[in-house]
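Enquirer: Okay, sequence plus prediction incoming.
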Amino acid sequence: MLHIVNKSPSDRNSVDTCLGHVKPGSAVLFIEDAVYAATKGTVAEAKVKAVMPGVAVYVLEPDLNARGMQGRVLDGVKLVDYGGFVDLVTEHSTCQSWL
């Protein structure tokens, strides 16, 4: 399953709720303000790192760049462009958006 999160971890509990439901083999894609969850020094850093051994974590690079966070991405987080976003959706049989 692909989990897609778009809300900042400091504004809503969408990131926490999502990470609490992921299972090994799942993927998480952070888009829009949720890209902050995939960066160093945020409230979500430890939680994201905790799921990463069994869960692939992606961030939409144009959203990351728009927020000036390029140099703060957590190790192991994969950057994707819009084409990569589409690829992730087609590679997974189900998608869950966390609002």
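Expert: Looks like it came in fine.
Enquirer: Show me which positions of stretch 55-64 end up buried.
Expert: Within stretch 55-64, the residues scored as buried using 16 or more other Cβ atoms under 10 Å are V55, A56, V57, Y58, V59, L60, E61, D63, L64. C-betas here are computed from N, CA, C, even on glycine.
Enquirer: Those residues in strands, which ones?
Expert: Among the buried residues of stretch 55-64, the residues falling in strands (DSSP state E) are A56, V57, Y58, V59, L60.
Enquirer: Take these and lay them out in TSV including distance to P24 and pLDDT.
Expert: Shown next, in TSV, are those (distance: Cβ to Cβ, whole Å; pLDDT from 0 to 100):
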residue	distance to P24	pLDDT
A56	10	98
V57	13	98
Y58	16	98
V59	20	98
L60	23	98
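Enquirer: residue closest to the middle of the chain?
Expert: F30 (2.9 Å; Cα atoms, centre = their mean).
Enquirer: Could you pull up the residues touching that one?
Expert: Going by Cβ atoms under 8 Å, 6 or more residues apart in numbering, F30 touches V5, N6, V15, Y36, A37, A38, V57, Y58, V59, L60, D63.
Enquirer: G25 too?
Expert: Contacts for G25 (Cβ under 8 Å, 6+ apart) come out as G54, V55.
Enquirer: that's a strand at it, yeah?
Expert: No - counting by DSSP: H, G, I helix; E, B strand; the rest coil, G25 is not part of a strand but coil.
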